[in-house]
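Visitor: fold the stuff below for me.
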Amino acid sequence: MKLTVTLGVLTSLLAGSSAFVVAPQHRMPSMQLASSVAADQAPPLSPLTLWGERISDIRKLHQEMRQKELPEFAPELSAVKDLALKREDVEAQLQYVKDHAMEIKTMMQKHGAVIFRDFDLMKTQDGFQQFYSALGMKVCLDPLHSVSARPTVDGKKNSPVYEAVNKESRKNFFIGMHNEFVGTRAPRAAAFVCFKAAETGGEFLVADGRRLFRDLDADLVEELYNRQIRYSVMELPFFGWIDNLPGPLQNVAMSVTKGLVTAAINAKVDFDVDLLWGEGGYDNTKMLQARAPSQPPIVIHPVTQDPTWFCNVHSHSSKLRKDREAIYGAERFEDGASQINKSDMFYGDDGELSDEQLKQIDEVTMKNVKFVKMTEGDVVLLDNYKTMHGRNVFDGTRKHGVAWFEGWEGEEEMKKTLVGNEQTKSAASRNLFFADVAN
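Guide: This is a model prediction of the structure:
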């Protein structure tokens, strides 16, 4: 009976779990709302994560990155100051985006992100959708789609614009730096928009994965890459009743329960999870922890071939979250779904990162974080493989949204151009080196 009830609760919680982590109206241009997906049609699934080939010598690549001059990260582009456009002239703003779409997307690739300021165009959801459609960005479903239903800004089922953690109950929760990916899926890019800024705090946070990779200690980079990492994606604290069974029955109950829960979870998600028994909470209640497959913390960017940190330890580490609680206050797990949304981080062989290693990752991450105080209509367009994101604590009412992209128009052309330029610069550097040696 206990097991039947537990599985019933588990099924309902999985349906709503996300463990796997009013603007002024302006006259819009007299044109049909552009969109890469029809209004009544669901966008395609988020694409599969592009892990790339294994890096043969991670220490050598790390040393090369330390010698490399990196471009400015996340530059700002103001409609008023940089483009001499009027703040309220949404038609001119939209035309600029259409005319310079490839240039803007190339900026995103080179700099990791672009911050748009003073554009009234994006103060509404329709204008925001026109903005990214004019850029040629191809929308996709939220990567959480297979395991939960992140709310949309307008409340419509197939809307491509999702809420970006605006709940008042989560206002004192500092969202650590992370790339957006769930199991086997990761969007290529994203656009975060501000429809209403929080009265205090609530800054959108971005960090350059290339700089994180560069600044971490070489020994730590090598150990993390060779051992890989894995996440615990949820904790299921429903099994205290097993401790009340007679001793001989406990192992049988644990084995049967683990098998049934594993089947229930793997039927829900599109990747395999391992379940490990443990204890949690103040009373050490028996719980099952679900861990995702191991993966590399550093990847080669699919377009520019830059090595970049692609790892969510900063947001998923239980130790780092607890350290932040001492500053911002404890997380408020107020319902059953929130109870299971507890994540943690381990080496791929299930070993634990040391406190010293976590401290270094936290310090290097925060050194590279850029706090972006967004106001109504501001947008941050970012490459999800190069740029991590997060959110500061806040007070007041906050309304931010996000759209995810599976790719963009002109990507293959961009890849040839960017990679060709890098090869030319590398060849020039080698020739200069050999000329110096000869002299």
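
Visitor: can you classify the residue nearest the centre of the chain by secondary structure?
Guide: Nearest residue to the geometric centre of the chain (CA atoms, centre = their mean): E180, 2.3 Å. Following DSSP: H, G, I helix; E, B strand; the rest coil, we place E180 in the coil state.

Visitor: so where is the stretch 301-439 of the chain shaky, pLDDT-wise?
Guide: 330-342, 419-439 (pLDDT under 70).

Visitor: check which helices and strands the helix or strand harbouring V402 sits against.
Guide: In this assignment (DSSP states H and E), V402 forms part of strand 399-408. When contacts are defined as 3 or more CB pairs under 8 Å, 6 or more residues apart in numbering; DSSP states H and E, strand 399-408 sits against helix 125-135, strand 137-140, strand 162-163, strand 189-196. Every C-beta, even on glycine, is put in place using the N, C-alpha and C of the backbone.

Visitor: for the nearest residue to the residue nearest to the centre of the chain once chain neighbours are set aside, grab phi and psi.
Guide: For E180, ignoring the flanking residues on the chain, the nearest one in space by CB to CB, 6 or more residues apart in numbering is N384 at 5.4 Å. Backbone torsions of N384, given as degrees, to the nearest 10, read phi -70, psi -20.

Visitor: likewise for the one 5 residues further on?
Guide: For H389, the backbone dihedrals are phi -140, psi 160 (criterion: degrees, to the nearest 10).

Visitor: who are the contact partners of it?
Guide: M177, H178, N179, E180, A190, F192, F204, L205, V206, A207, V380, L382 (CB atoms under 8 Å, 6 or more residues apart in numbering).

Visitor: picking up where we left off before, reformat the helices and strands packed on strand 399-408 as a markdown table; add distance to I104.
Guide: Formatted as a markdown table, these follow (distance: least, CB to CB, whole Å):
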| stretch | distance to I104 |
| --- | --- |
| helix 125-135 | 6 |
| strand 137-140 | 10 |
| strand 162-163 | 22 |
| strand 189-196 | 11 |
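
Visitor: which of those sits closest to H111?
Guide: Smallest distance to H111 across those (CB to CB): 12.8 Å, for strand 189-196.

Visitor: ranked by average pLDDT, which of the helices and strands packed on strand 399-408 falls at the bottom?
Guide: Within those, the stretch with the lowest mean pLDDT is strand 162-163, showing a mean of 93.

Visitor: hang on, the earlier thing: need the contact list for the residue nearest to the centre of the chain.
Guide: Contacts for E180 (CB under 8 Å, 6+ apart) come out as P143, A186, P187, A190, N384, H389, W404.

Visitor: still on that earlier bit, quick check: the residue nearest to E180 touching R185?
Guide: No. The pair N384 and R185 does not pass the contact test of CB atoms under 8 Å, sitting 11.1 Å apart.

Visitor: what about the strands in the stretch 301-439 of the chain?
Guide: Using DSSP state E, counting those that start in this stretch, the strands of the stretch 301-439 of the chain run over residues 307-309, 344-347, 369-372, 379-383, 387-391, 394-395, 399-408.

Visitor: ok, which of those comes nearest N244?
Guide: strand 344-347 (26.9 Å).

Visitor: that older thread, I'd like the strands of the stretch 301-439 of the chain laid out as TSV, including distance to M414.
Guide: TSV is the format used below for these (distance: least, CB to CB, whole Å):
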stretch	distance to M414
strand 307-309	17
strand 344-347	33
strand 369-372	24
strand 379-383	11
strand 387-391	17
strand 394-395	36
strand 399-408	8
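
Visitor: minimum distance to R227: which of those strands has it?
Guide: strand 344-347 (4.4 Å).

Visitor: now what about that closest one, what contacts it?
Guide: Looking at what lies outside strand 344-347 - CB under 8 Å, 6+ apart - the contacts are 224, 227-232, 289, 291, 312-313, 316-318, 352-353.

Visitor: could you redo the last one with a cut-off of 7 Å?
Guide: Applying CB atoms under 7 Å, 6 or more residues apart in numbering, the external contacts of strand 344-347 come out as R227, Q228, I229, R230, Y231, S232, V313, H316, S317, S318, E352, L353.

Visitor: tell me the buried residues within the residues you listed.
Guide: Buried subset of the contacts of strand 344-347 (neighbour count, 16 or more other CB atoms under 10 Å): R227, Q228, I229, R230, Y231, S232, V313, H316, S317, L353.

Visitor: ok, now which ones touch the closest residue to the fifth one other than its chain neighbours?
Guide: For Y231, ignoring the flanking residues on the chain, the nearest one in space by CB to CB, 6+ apart is A292 at 4.9 Å. Residues touching A292, when contacts are defined by CB under 7 Å, 6+ apart, comprise G183, R230, Y231, V233, F271, V273.
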